[in-house]
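Asker: One predicted model, sequence on top.
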Amino acid sequence: MDVTFVLTHDCNLGCGYCYAGAKFNKRMPAHVAERALDLAFEDDPPRVELSFFGGEPLLAYDLLVDVAERARARGAQRGTEVRLSVTTNGTLLDDARARTLDALGVHVALSIDGTREAHDSGRPRMGGGSSFDDVVRGLDVLLRRGTTFETISVVTPANVRLLGESVAFLLDRGVPRIGLNPCYEAAFTDDDLGAWHRGLDAAAAKMIDCFRGGRIVSITVFDNKILAALKGGLVETDRCSLGSRSVAVAPSGNIYPCERLVAEDEDSTHAMGNVETGLVVRGHGCARGPVNTECEPCGERDRCSSSCACANLAETGRTDVAGGTQCWHERTTASVADHIAETLWKEQNPYFLAWFYGRMIGGGPKPSTATSSSIDTEKPRSPAGVITRESPKSKHHLRILP
């Protein structure tokens with residue numbers, strides 16, 4: 001059972017699209033963190049994955065470090081592999097903290113929405129004012145260290161027309177891996193979707209240029225589609241693990257099936273128990289899907305991520321019903337990803353082959369901040385499963401069930 005520690009409800013930013021709810025000064029007590037560790041290490045698993053979340057988790061930096069050290073000690077004592085990560089807005093990140101996180105093996109995901117204009121459209125400081133310079137300062141701390149990290153950009157109607165420019169900005173600055181997270185709560189018009197598609201095309205072109213220039217980079221929405229095609233579709237562990245393989249613990253100790261469902265921790269609809277009393281067998285009240293009848297004949301079903309209960313809930317109000325924007329996004333990113341794969345495969349780009357086929361066998365190089373020098377790679381088989389499909393022009397390809 002992988003565990004996300006929601007270390008605090010507090011945050012120093014006031015992002016308009018944040019699903020964590022209202023911000024207030026309540027952090028996780030040490031005894032709750034210890035019990036959450038007990039939950040993670042229960043039954044002596046071979047591997048434990050712990051994530052730190054918020055609010056802004058670096059507002060509880062001392063607790064984060066304490067939990068990470070305790071987790072490492074438990075793992076060493078039991079022979080358990082321990083993987084640690086933190087999602088942060090980066091404003092409180094400095095060289096000393098980055099060095100400590102690096103020493104503890106904590107992978108950093110830094111939230112930045114791209115260019116100044118794109119970022120400031122949705123991520124102001126709490127109380128107002130731009131957070132861009134503070135976030136970039138934290139980004140530069142990570143870049144100077146040269147360790148593997150990633151950025152997360154939320155795509156909204158307010159910044160979607162800057163998507164291509166934003167991806168180029170981040171890659172040019174040296175970011176090795178970019179996550180593009182759609183804000184499914186928002187209402188995207190067909191004009192917005194057109195701009196989004198153009199932005200994805202521009203991001204793909206930039207990614208291709210990086211590989212051609214000898215630099216391995218990762219844009220996760222494309223990587224995931226390419227990898228799924230290479231292995232013949234998503235497997236169970238690729239799909240939503242809501243409450244089955246992972247849970248989130250709120251500062252109160254309440255257990256939720258996903259960190260996206262914690263919010264202010266005032267609605268127990270999806271709560272699964274408490275670290276003091278244990279998991280509730282009855283479940284978390286979240287039906288799995290999608291149950292949309294339109295999904296059955298879809299050619300992208302094997303690569304589709306519409307099993308994400310929280311994305312479904314955000315767009316349709318039901319965890320088991322996928323929405324039209326999500327359908328559009330899944331089909332469009334698949335088409336763009338196939339273009340990337342087919343282009344670089346035909347060119348036999350050694351960096352593309354090493355990155356994607358290396359991951360298929362559990363090895364290979366990592367995304368980098370700079371151009372690679374040389375790569376030794378065996379010639380793999382052709383990605384015959386990659387098929388380009390025309391992307392729908394309207395989000396209404398998928399109907400919303402009542």
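Answerer: Right, received. Where do you want to start?

Asker: ranges for the helices of this structure?
Answerer: 30-41, 61-78, 95-103, 116-120, 132-145, 163-173, 190-212, 220-230, 309-316, 324-346, 350-360 (DSSP state H).

Asker: mind exporting the shortest one as CSV, just the C-alpha atoms?
Answerer: Same thing as helix 116-120. C-alpha atoms of helix 116-120 as CSV (Å, rounded to 0.1, in the frame of the first residue of the first chain):
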residue,chain,number,x,y,z
ARG,A,116,5.3,34.0,-16.7
GLU,A,117,1.9,34.8,-18.4
ALA,A,118,0.8,31.2,-18.3
HIS,A,119,1.9,30.7,-14.7
ASP,A,120,0.4,34.0,-13.4
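
Asker: Please pull out the lowest mean pLDDT helix or strand from the protein.
Answerer: strand 278-279 (a mean of 85; mean pLDDT, DSSP states H and E).

Asker: Centre of the chain to it, how far?
Answerer: Remark: strand 278-279 is offset 27 Å from the chain centroid, using Cα atoms, centre = their mean, to the nearest Å.

Asker: Which strands border it, and is each parallel or antiparallel?
Answerer: With DSSP bridges as the test, strand 278-279 is paired with strand 273-274 (antiparallel).

Asker: Tell me where the protein is predicted with low confidence.
Answerer: 281-285, 371-402 (pLDDT under 70).

Asker: In terms of position in space, what residue lies nearest the middle of it?
Answerer: Among the residues of the chain, the one closest to the centroid is G179, at 5.8 Å (Cα atoms, centre = their mean).

Asker: Can you name the residues bridging to that residue?
Answerer: Taking DSSP bridges, one obtains I152 as the residues bridged to G179.

Asker: which residues does it contact?
Answerer: Applying Cβ atoms under 8 Å, 6 or more residues apart in numbering, we find G179 in contact with 109, 150-153, 220-221. Heads up, the C-betas are built off the backbone N, CA and C, glycines and all.

Asker: Need those in TSV (columns: distance to L59 and neighbour count).
Answerer: Below are the contacts of G179 laid out as TSV (distance: Cβ to Cβ, whole Å; neighbours: other Cβ atoms under 10 Å):
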residue	distance to L59	neighbour count
A109	16	17
E150	21	19
T151	20	26
I152	18	18
S153	22	22
T220	26	15
V221	29	22
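
Asker: Widest-spaced pair of the residues you listed?
Answerer: Within those, A109 and V221 form the most distant pair, 14.8 Å apart (Cβ to Cβ).

Asker: quick revisit: of the helices of the chain, give the one that comes closest to N292.
Answerer: Of all these, it is helix 324-346 that lies closest to N292, at 8.2 Å by Cβ to Cβ.

Asker: Against which helices or strands is the closest one packed?
Answerer: Counting contacts by 3 or more Cβ pairs under 8 Å, 6 or more residues apart in numbering; DSSP states H and E, helix 324-346 packs against strand 177-182, helix 190-212, helix 220-230, helix 309-316, helix 350-360.

Asker: Name the stretch among these that sits most buried.
Answerer: The highest average neighbour count among the helices and strands packed on helix 324-346, using mean count of other Cβ atoms under 10 Å, belongs to helix 309-316 at a mean of 23.

Asker: Contacts for that one, please.
Answerer: For helix 309-316, the surrounding residues in contact (Cβ under 8 Å, 6+ apart) are 19, 182, 184-185, 240, 242, 257-258, 260-261, 286-290, 305-306, 318-326, 400-401.

Asker: Please indicate which of these are buried?
Answerer: Buried positions within the contacts of helix 309-316, assessed by neighbour count (16 or more other Cβ atoms under 10 Å), are 19, 182, 184, 240, 242, 257-258, 260-261, 286, 289-290, 305-306, 318-326, 401.

Asker: Could you tell me which of those are located in strands?
Answerer: Judged by DSSP state E, those include P182 as members of strands.

Asker: Was I right to think T8 contacts L59?
Answerer: Yes: using Cβ atoms under 8 Å, T8 is in contact with L59, at 5.3 Å.

Asker: which neighbours do the two share?
Answerer: R27.

Asker: between those two, which one's more packed in?
Answerer: For T8 versus L59, the count of surrounding residues by other Cβ atoms under 10 Å is larger for T8: 25 against 21.

Asker: So for stretch 324-333, what gets flagged as buried?
Answerer: Applying a neighbour-count criterion of 16+ other Cβ under 10 Å, one finds 324-333 buried in stretch 324-333.
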